[in-house]
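>>> What shape does this take:
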Amino acid sequence: MSTALEDRICYSFDATDLRGLPDAVVWPRTTEEVADVVRLAQLEGIPVVPRGAGTGYTGGSVPIDGGIALSLEKMNGIVSIDVRRRVAVVEPGVVNNDLRSEAETLGLFYPPDPASLLVSTIGGNVAECAGGPRTVLYGTTRDYVIGLELVLADGSIVTTGVLTRPAGGSDAGGSGGVASEVQVSGWDPGQLVVGSEGTLAVVTKVAVRLSELPEAVATYWAEFASLTDAARAVAAITATGLPVSVLEILDRETLSSALEYFHGEPPEHVSEGALLIEVEGRREAVEGGAERLVAMLADCGATNVRRATAQDERDDIWEVRRSISPALARIASGKINEDIAVPRSSIPDFVEEMREVARDLDLPIHAFGHAGDGNLHVNIMVDRSDHAALSRAREAVRRLFENAIRMGGTLSGEHGIGITKAEHLTLELDDRAIDATARVKRALDPDGILNPDKILSDRPNPWWEALAGEDASEERSRCS
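Now for the predicted structure:
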């Protein structure tokens, strides 16, 4: 444990500009140590904020009420990988890409791949129910979690799903505590914890389902004369039945910024909209659908379509995609990133309304994201010193959320609610749904010590004050 200011500062923020200074930082290495910390915190009424790599975009791991920042980064062991059952058991601090790489050496595949996969941890992915580019084919983290070990708010340790221990107390199966391939009876409370952002329990082990590696992958890059044409192509492609695993959309400004960031100089030509597409699975399905996909893209108005013919070309395409967030961050001193999701068929309409909001409020709004499952990352660029622009940005967020809900969408495709979206939750959930959620929270955490003031909160959103405040670079430099 540390109460040193430099440590507390380093665990006071996430990928947002929100900051909250914890009173102490603890780095447990075992489940029992987590339980000891939580038990003491419950006794003393001290907030506990579980934390992974701090890559979240909604302030979910920011200790805005002080208390203990419970960093799980040192619980980073891959406990077991059962090749026969295709089940991995890992600690919460395991980095997503490390699990993927280890599984691939055994001929297996862990599909959830958030853009932060090189940094973000499995525990954080579980907390936010992370998605990623491959969600369109494979689903989100929730679809792979088949068991959890949890520390509840009173410090008790429980296991769920395939990690459930037999009545005798010993682990069955001889494979990292995996009792069976499926839970044989009862309701699995672990699924309630997935996506709960650390407000219901602290995750200390995760059992995930693995898949077999796809036989073949084909990567395509398509450019369009308008973003609307690209959006319409998304709806057409997803209706084909082709095994499309990735379907990413980028608008002109986003693409231009990413290309400049990647190449180190402004591009000569940038299309108004682009799609990154991958088809994967059985070799015959991938190759058999190639001609059909290219023809469909042309019918939807694609001005240029190319298929990556070598691994380095595929890697370059993905590097451009993963350069987006840091590239956009250079455009303005404030970047408000919302992961709005709408039905795929509504993407063209949402894009048009997004541009109308940008025009009405005189704000640059750039869009990219996982169009295959309707998850668009909408980025409002604003000068943090311009208070009038900040006020308009707040109005833009409200209007975009209202448009998404009206179209049958949701406030968050994968980033969670945290503190930044809590004030908008009533747009999506009615009073009865919010009351039911609150009752579950009270049942599992009656004293409200686990990540308080997240998701269900009457607290004013501190995002806008943070954007208008002093730059955090000096504080962050102490963490390097």
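>>> For the nearest residue to G93 once chain neighbours are set aside, give me phi and psi.
Excluding the flanking residues, the one nearest G93 by CB to CB, 6 or more residues apart in numbering is N76, at 3.7 Å. From N, CA and C alone the C-beta is placed, and that goes for glycine too. For N76, the backbone dihedrals (degrees, to the nearest 10) come out as phi -120, psi 30.
>>> same check, this time on S323
Reported as degrees, to the nearest 10, the phi and psi values for S323 are phi -90, psi -10.
>>> That one reaches F262, doesn't it?
Yes. In this structure, S323 is within contact of F262 by CB atoms under 8 Å, at 4.9 Å.
>>> Please list all residues in contact with the residue nearest to G93.
91, 93-95, 121 (CB atoms under 8 Å, 6 or more residues apart in numbering).
>>> repeat that for 7 Å
The contact partners of N76, by CB atoms under 7 Å, 6 or more residues apart in numbering, come to 91, 93-94.
>>> Averaged pLDDT, stretch 392-402. What do you get?
For stretch 392-402, mean pLDDT rounds to 95.
>>> before we move on, what about stretch 36-44?
Mean pLDDT, stretch 36-44: 97.
>>> quick check: longest helix of this structure.
helix 387-406 (DSSP state H).
>>> Residues touching the helix or strand following that helix, excluding its own?
Next in sequence after helix 387-406, counting helices and strands by DSSP states H and E, comes helix 431-444. Under the contact criterion CB under 7 Å, 6+ apart, helix 431-444 has outside partners 152-153, 199-201, 425-426, 456.
>>> Buried residues in helix 431-444, which are they?
By neighbour count on 16 or more other CB atoms under 10 Å, the buried set for helix 431-444 is 437, 441, 444.
>>> could those residues be laid out in a markdown table, adding distance to G372 and pLDDT?
As requested, the buried residues of helix 431-444 are exported to a markdown table (distance: CB to CB, whole Å; pLDDT from 0 to 100):
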| residue | distance to G372 | pLDDT |
| --- | --- | --- |
| T437 | 29 | 95 |
| K441 | 33 | 97 |
| L444 | 34 | 96 |
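>>> hang on, the earlier thing: can you pick out the most distant pair from the contacts of helix 431-444?
L152 and T426 (28.2 Å; CB to CB).
>>> tell me the domain ranges of the protein?
Structural domains annotated on the chain: 5-72+439-477, 78-167+186-212, 214-329, 332-420, as defined by automatic domain parsing.
>>> For the shortest one, measure first residue to last.
Using CA to CA, to the nearest Å, the end-to-end distance of domain 332-420 comes to 20 Å.
>>> How far away from the center of its chain is it?
16 Å (CA atoms, centre = their mean, to the nearest Å).
>>> now swap in the longest one and tell me
Taking CA atoms, centre = their mean, one finds domain 78-167+186-212 lying 14 Å from the centre of the chain it belongs to.
>>> State the mean pLDDT of it.
93.
>>> hang on, the earlier thing: are any of the contacts of helix 431-444 buried, and which?
The neighbour count (16+ other CB under 10 Å) marks 152-153, 199-201, 425, 456 as buried among those.
>>> which one of these sits closest to V305?
Looking across the buried ones among the contacts of helix 431-444 and measuring by CB to CB, the closest to V305 is L425, at 41.0 Å.
>>> Identify the spatial nearest neighbour of the closest one, chain neighbours not counted.
Sequence neighbours aside, I417 is the residue nearest to L425 in space, at 6.2 Å (criterion: CB to CB, 6+ apart).
>>> same thing with P92?
G123 (2.6 Å).
>>> Just give me the neighbour total for the one you found.
28 (other CB atoms under 10 Å).
>>> Equivalent analysis for the one 5 residues further on, please.
For E128, the neighbour count with other CB under 10 Å is 31.
>>> Give me the nearest residue to it, chain neighbours excluded.
Closest to E128 by CB to CB, 6+ apart is G416, at 4.4 Å.
>>> Return the residues in contact with that neighbour.
56, 58, 60, 128, 197.
>>> if you set the cut-off to 8 Å instead, what comes out?
By CB under 8 Å, 6+ apart, the neighbours of G416 are 56, 58, 60, 127-129, 195, 197, 455.
>>> now swap in F368 and tell me
Applying CB under 8 Å, 6+ apart to F368 gives the contacts 248-251, 254, 324, 376-377, 379.
>>> possible to save these as a markdown table with pLDDT and distance to T141?
Listed next are these as a markdown table, based on pLDDT from 0 to 100; distance: CB to CB, whole Å:
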| residue | pLDDT | distance to T141 |
| --- | --- | --- |
| E248 | 94 | 19 |
| I249 | 94 | 22 |
| L250 | 93 | 24 |
| D251 | 91 | 27 |
| T254 | 92 | 25 |
| I324 | 90 | 21 |
| L376 | 91 | 19 |
| H377 | 92 | 17 |
| N379 | 93 | 23 |
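>>> If any of the residues you listed are buried, put those into a PyMOL selection.
The buried subset of the contacts of F368, as determined by 16+ other CB under 10 Å, is captured in PyMOL by this line:
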select buried, resi 248+249+250+251+254+324+376+377+379
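>>> now, which of the contacts of F368 sits nearest V206?
Checking these one by one against V206 (CB to CB), the nearest turns out to be H377, at 25.5 Å.
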